[in-house]
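Visitor: Provided below for reference: sequence and predicted model.
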Amino acid sequence: MSKPPPASRPRQDKASQTLEKAVLALRMQRPDEAERLAASVLKGERDNVVATQVLGTALLSQNRAEDAVEALQKTALRATDPAIETLLAKALTAAGRPDEALDQLRRASERRPPYPLAFLDLGEGLGADGRFDEAVAVLETGLALIPKADGLRIALGYLHLKRNDRVRARRLFQQVRTAAPQRQDAMVGLAKVMVLDGEYAQAADLYRRALVLQPGDAATRLSLGKCLLEMGEREAGEAAIRAATHEAAQLAGPAITALAATSRGRFFLRPSAALKFLNAEAT
């Protein structure tokens, strides 16, 4: 490949530096700045895939899904890049166009070399739509092409869990745990299977390990609290459930349900009493 003419190199260097600043702005959660910088690069290099990704992500971060669709579609048509196509599918979903998003993901999953995120998003999208057989087929196809894609294996495990196929789900989560012992999502997935199989002590141990890796995971803390209640550790269980709702107020409803549903939980006649209980400081 011949070197670019000397006059073009300063422009390329400037575009590269601008793009680096755009990526940094995105990481620092300054999407408006990232948008401006990425757009300036695209003025001179309209097919720059990385700049398009940054622009699309920045627009989505600002809840401007339709603008993201418009920006990504142009490059997707020209570049046939699976990363752009997968991001476009995300924008289409956010814009309330799920059928178009699934079609876009199907195209992205057909690209070679295979792009793992396309299979992951397509499988999860089909699963969310209740099309479990199709979702399983997509994820299994992805794993056949990319055997080391543990993210696909975990997603497949969760699909089997939704279908109450605990044997397959357990096997998949354990496979990931063997290959990557510190993967938090595999720990949580395996713990969920154990809870369903009544293995509360083992599940609680995994939930605690997962919280060491991600202390702010309120949903996992809530699951730990439910597990402790089932084990008869009422004080510790209630403290964990309270802590989860303090970290994430939207978990108040599931927390109240958890307190009432477990065999050693609490039942409240009035929602206000339940909220007062949850808002109390753990002792």
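Guide: Structure's in. What do you need? Numbers count the residues shown, from 1 in each chain.
Visitor: flag the shaky bits of the stretch 51-200 of the chain, pLDDT-wise.
Guide: Across the stretch 51-200 of the chain, not a single residue meets the criterion (pLDDT under 70).
Visitor: rerun that using 90 as the cut-off
Guide: 74-80 (pLDDT under 90).
Visitor: tell me where it has helices.
Guide: Using DSSP state H, counting those that start in this stretch, the helices of the stretch 51-200 of the chain run over 65-79, 82-94, 98-109, 116-128, 132-145, 150-162, 166-179, 184-196, 200-213.
Visitor: in TSV: those, plus distance to residue 58.
Guide: In short, each C-beta sits where N, CA and C put it, glycine included. Formatted as TSV, the helices of the stretch 51-200 of the chain follow (distance: least, Cβ to Cβ, whole Å):
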stretch	distance to residue 58
helix 65-79	8
helix 82-94	11
helix 98-109	19
helix 116-128	18
helix 132-145	28
helix 150-162	24
helix 166-179	32
helix 184-196	26
helix 200-213	29
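Visitor: quick one: which of these is nearest residue 20?
Guide: helix 82-94 (18.1 Å; Cβ to Cβ).
Visitor: quick one: that closest one to helix 116-128, angle?
Guide: Here helix 82-94 points in a direction 30 degrees away from that of helix 116-128 (axes from the mean of the first three to the mean of the last three Cα atoms, to 10 degrees).
Visitor: return the distance of helix 82-94 from the chain's centre.
Guide: 14 Å (Cα atoms, centre = their mean, to the nearest Å).
Visitor: make a markdown table out of the helices of the stretch 51-200 of the chain and add mean neighbour count.
Guide: Listed next are the helices of the stretch 51-200 of the chain as a markdown table, based on neighbours: other Cβ atoms under 10 Å:
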| stretch | mean neighbour count |
| --- | --- |
| helix 65-79 | 19 |
| helix 82-94 | 24 |
| helix 98-109 | 20 |
| helix 116-128 | 22 |
| helix 132-145 | 18 |
| helix 150-162 | 22 |
| helix 166-179 | 17 |
| helix 184-196 | 22 |
| helix 200-213 | 19 |
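Visitor: please name the nearest non-neighbouring residue to residue 217.
Guide: Excluding the flanking residues, the one nearest residue 217 by Cβ to Cβ, 6 or more residues apart in numbering is residue 211, at 6.3 Å.
Visitor: tell me who's in contact with the closest residue to residue 63 other than its chain neighbours.
Guide: Leaving aside its chain neighbours, residue 63 sits nearest to residue 94 (7.9 Å; criterion: Cβ to Cβ, 6+ apart). The contact partners of residue 94, by Cβ atoms under 8 Å, 6 or more residues apart in numbering, come to 60, 63, 65, 68.
Visitor: relative to residue 88, how far out is the third one?
Guide: Looking back up the chat, that one is residue 65. 11 Å (Cβ to Cβ, to the nearest Å).
Visitor: can you pull the contacts of the residue nearest to the spatial centre of the chain?
Guide: Nearest to the geometric centre of the chain sits residue 121, at 9.3 Å (Cα atoms, centre = their mean). Neighbouring residues of residue 121 by Cβ under 8 Å, 6+ apart: 86, 89, 90, 105.
Visitor: check the residues you listed and tell me the two furthest apart.
Guide: The most distant members of the contacts of residue 121, if one measures by Cβ to Cβ, are 90 and 105, lying 9.2 Å apart.
Visitor: just the residues contacting stretch 169-177, thanks.
Guide: By Cβ under 8 Å, 6+ apart, stretch 169-177 touches 150, 153-154, 156-158, 160-161, 183, 186-187, 189-190, 193.
Visitor: need those in CSV with distance to residue 246, can you?
Guide: As requested, the contacts of stretch 169-177 are exported to CSV (distance: Cβ to Cβ, whole Å):
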residue, distance to residue 246
150, 32
153, 33
154, 28
156, 34
157, 30
158, 27
160, 33
161, 28
183, 27
186, 27
187, 23
189, 25
190, 27
193, 28
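Visitor: can you get me a residue count around the residue nearest to residue 208 when sequence neighbours are not counted?
Guide: Spatial nearest neighbour of residue 208, excluding adjacent residues (Cβ to Cβ, 6+ apart): residue 224 at 6.7 Å. Neighbours of residue 224 under the rule other Cβ atoms under 10 Å: 26.
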